[in-house]
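Peer 1: pasting the sequence and the predicted coordinates here, then a few questions.
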Amino acid sequence: METRLNIEIGADEFKAALTKRLSPKTVEALVEALPIESEAKKWGDEIYFDVPVDMAEENAQEIVSKGDIGYWPTGNALCIFYGKTPISESETEIRPVSAVNIVGSLEEPDRLKMIDPKTGEKIRIVMDG
């Protein structure tokens with residue numbers, strides 16, 4: 001089962017889905033916290049932002065894929081990955097600063113490179129429909 005989301009970053013809107021496949025407890029906590037409003041921060045080709053959820057590692061991953069949405073237990077934040085980070089070891093590797101719980105995926109992650117979100121930009125996550 002998945003929860004469909006709209007993610008608004010500034011004036012741009014993205015579709016995403018949360019899935020319980022890898023981190024079901026984390027996904028449940030995030031769904032309960034919706035809607036979420038925060039301020040975007042950037043780290044390489046990653047956007048991350050504070051969320052009102054406090055979870056431990058749950059099948060946490062140290063390497064992720066483009067479009068993955070991860071919950072970062074160390075920072076109580078959601079991360080959206082759309083390219084390499086400053087600690088990626090190659091052009092194709094996407095490595096978070098520390099392990100994240102994979103909670104879902106973003107459609108069209110390459111659009112994030114085109115809009116180049118700014119640190120401090122408002123981000124809002126709501127259920128789709």
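Peer 2: Sure, I can see it.
Peer 1: contacts for the helix ranked longest in the chain next, please.
Peer 2: In the chain, with assignment by DSSP state H, the single longest helix is helix 24-33. If you take C-beta atoms under 8 Å, 6 or more residues apart in numbering as the criterion, helix 24-33 is touched by 3, 18-20, 36, 51-53, 55, 58, 71, 78, 101, 103-104, 127. Yep, even glycine has a C-beta here, placed from its N, CA and C like the rest.
Peer 1: now do the lowest-mean-pLDDT helix or strand in the chain: distance to the chain's middle.
Peer 2: Least confident helix or strand of the chain, by mean pLDDT, DSSP states H and E, is helix 110-115 with a mean of 91. Centroid separation between helix 110-115 and its chain, computed with C-alpha atoms, centre = their mean, to the nearest Å, is 14 Å.
Peer 1: for it, packing partners?
Peer 2: Identification of packing neighbours for helix 110-115 by 3 or more C-beta pairs under 8 Å, 6 or more residues apart in numbering; DSSP states H and E yields strand 12-19.
Peer 1: about what we covered before: I'd like the next helix or strand past the least confident helix or strand of the chain.
Peer 2: strand 122-127 (DSSP states H and E).
Peer 1: just the contacts of helix 24-33: which are in strands?
Peer 2: 3, 18-19, 36, 71, 78, 101, 103-104, 127 (DSSP state E).
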